[in-house]
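Novice: Attaching a predicted model along with its sequence, questions to come.
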Amino acid sequence: MQTFSKIVSTTALAVSLILGLASVAEAEQKTEFKVAWSIYVGWMPWGYAADHGIVKKWADKYGIKIDVTQFNDYVESMNQYTAGAFDAVTLTNMDGLSIPAAGGVDTTAVIVGDFSNGNDAVILKDKAGLSDIKGQNVNLVEFSVSHYLLARALESIKLTERDVKVVNTSDADMVAAYKTPDVTALVTWNPLVSTILEDPSAKKVFDSSQVPGEIIDLMVANSGVLKDNPNFGKALAGIWYETAALLRADTTEGKAAREAMGSASGTDLAGFEAQLAATKLFDKPADAVAFTSSPNLPKTMDLVRNFLFEKGLLGNGAPSADVIGIEMPDGKVLGDTGNVKLRFTETYMKAAADGSL
């Protein structure tokens, strides 16, 4: 089954820093744009839209061309965006801060597409309570959203990472690792979670639905490119909301679209719909606007930036979590107002909501 890695590795971070400083997508008026995406339930609409003429439809409306490229390697897609090879990319809120933003690329979240609402989980072998994790080795992709979820799970029962031992494990090896006697605790994401839970010994003891709204999936764009080319942002919004509607549509077309997206992600219709059920999808723009303007978003980003700072992922020698400014839709900034590199905006989602695209 095909998976992708929601991962921030120190190697990837170092590469992104070098690439980001060396070459940033030029901000200028232009007519051709490049978008990168990778396999995940909430990002499958981008591939479907490219394959079924929806991308072309919206690009044509604004007199531009949009080339959409799928990456099998999530980290590589972010590194390529950071290097300036792409104008926009799908990523999580955490990875947007730790790779392009930390790499010096001013980045704006154009679409807040969904958040994980059960797709990421802590699983124990033959133990039914989260407290049983104490003293165990925990297999996960280090510095990924799995690592973040573990930290939040431990915090919920007044434990810390000192109470366990993290074992860095590739997502590609996770299912096989669980079958070995040495692996008794792990954190991962769907579709791996569903596969592992098929084993009677596997017990889900914590998942992302218990920290709702914290693992957020975005379509981001280079802020300079977006400023000089607002029609690019409008086209992205149009593409997203037309295609995302098919994820919920109780129609023949909707079912066919979900089946196609499931197949493209390495599962079937039932498997894809199970992943959708564990995803809070913002297929309606008004819901996305409400979430993005909520006072909970700054709280979430504060948790995220402090986690990344503690792990040394905000750049070498970063003096504090304030080193990078994160701008909210109301203009308020978390961190350094003189170094804003990650921005959340309602602009394009609002345009979709009020019908002005």
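Specialist: The structure has been received and is ready for your questions.
Novice: Am I right that residue 148 is in contact with residue 94?
Specialist: Yes: under the contact definition of C-beta atoms under 8 Å, residue 148 touches residue 94, with a separation of 6.1 Å. Any C-beta I mention is one placed from the backbone N, CA and C, and that applies to glycine too.
Novice: what touches both of these two?
Specialist: Residues touching both residue 148 and residue 94 (C-beta atoms under 8 Å, 6 or more residues apart in numbering): 215, 304, 307.
Novice: Please convert these to TSV, extending it with distance to residue 82.
Specialist: Rendered in TSV, the data for these read as follows (distance: C-beta to C-beta, whole Å):
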residue	distance to residue 82
215	21
304	18
307	20
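Novice: Which among those residues count as buried?
Specialist: 215, 304, 307 (16 or more other C-beta atoms under 10 Å).
Novice: show me where the stretch 101-250 of the chain has helices.
Specialist: Secondary structure of the stretch 101-250 of the chain, counting by DSSP state H, counting those that start in this stretch: helices at 145-156, 174-178, 192-196, 223-228, 230-248.
Novice: Can you get me the start-to-end distance on stretch 133-143?
Specialist: When the termini of stretch 133-143 are compared using C-alpha to C-alpha, to the nearest Å, they are 19 Å apart.
Novice: buried sites along it?
Specialist: By neighbour count, with 16+ other C-beta under 10 Å as the criterion, the buried positions of stretch 133-143 are 133, 136, 138, 139, 140, 141, 142, 143.
Novice: May I have the predicted confidence score for the fifth one?
Specialist: In this prediction, residue 140 carries a pLDDT score of 95.
Novice: Next one: it from residue 321, what distance?
Specialist: Residue 140 sits at a distance of 22 Å from residue 321 (criterion: C-beta to C-beta, to the nearest Å).
Novice: same question, the second one
Specialist: Here the criterion is C-beta to C-beta. By it, residue 136 lies 29 Å from residue 321.
Novice: Check the third one too.
Specialist: Computed as C-beta to C-beta, the residue 138 to residue 321 distance reads 24 Å.
Novice: what's the longest strand in the protein?
Specialist: Assignment by DSSP state E gives strand 107-116 as the longest strand of the chain.
Novice: ranges for the strands of the protein?
Specialist: 32-38, 65-71, 88-92, 107-116, 120-125, 137-140, 165-168, 185-189, 202-207, 216-222, 279-281, 325-327, 333-334, 340-344.
Novice: deepest of those, which one?
Specialist: When the strands of the chain are scored by mean count of other C-beta atoms under 10 Å, the highest mean neighbour count falls to strand 88-92 (a mean of 29).
Novice: for the record, mean pLDDT for that one?
Specialist: 96.
Novice: Need the residues that contact that strand.
Specialist: By C-beta under 8 Å, 6+ apart, the list of residues contacting strand 88-92 reads 6, 33-38, 40, 43, 46, 74, 77-78, 80-81, 99-100, 110, 145, 215-222, 232, 236.
Novice: Parallel or antiparallel, list what pairs with it.
Specialist: If you go by DSSP bridges, strand 88-92 pairs up with strand 32-38 (parallel), strand 216-222 (antiparallel).
Novice: now that strand: how far from the chain's centre is it?
Specialist: The offset between the C-alpha centroid of strand 88-92 and the centroid of the whole chain comes to 7 Å, using C-alpha atoms, centre = their mean, to the nearest Å.
Novice: Compare the helices of the stretch 101-250 of the chain and say which comes out lowest on pLDDT.
Specialist: The bottom spot among the helices of the stretch 101-250 of the chain, by mean pLDDT, belongs to helix 192-196, with a mean of 90.
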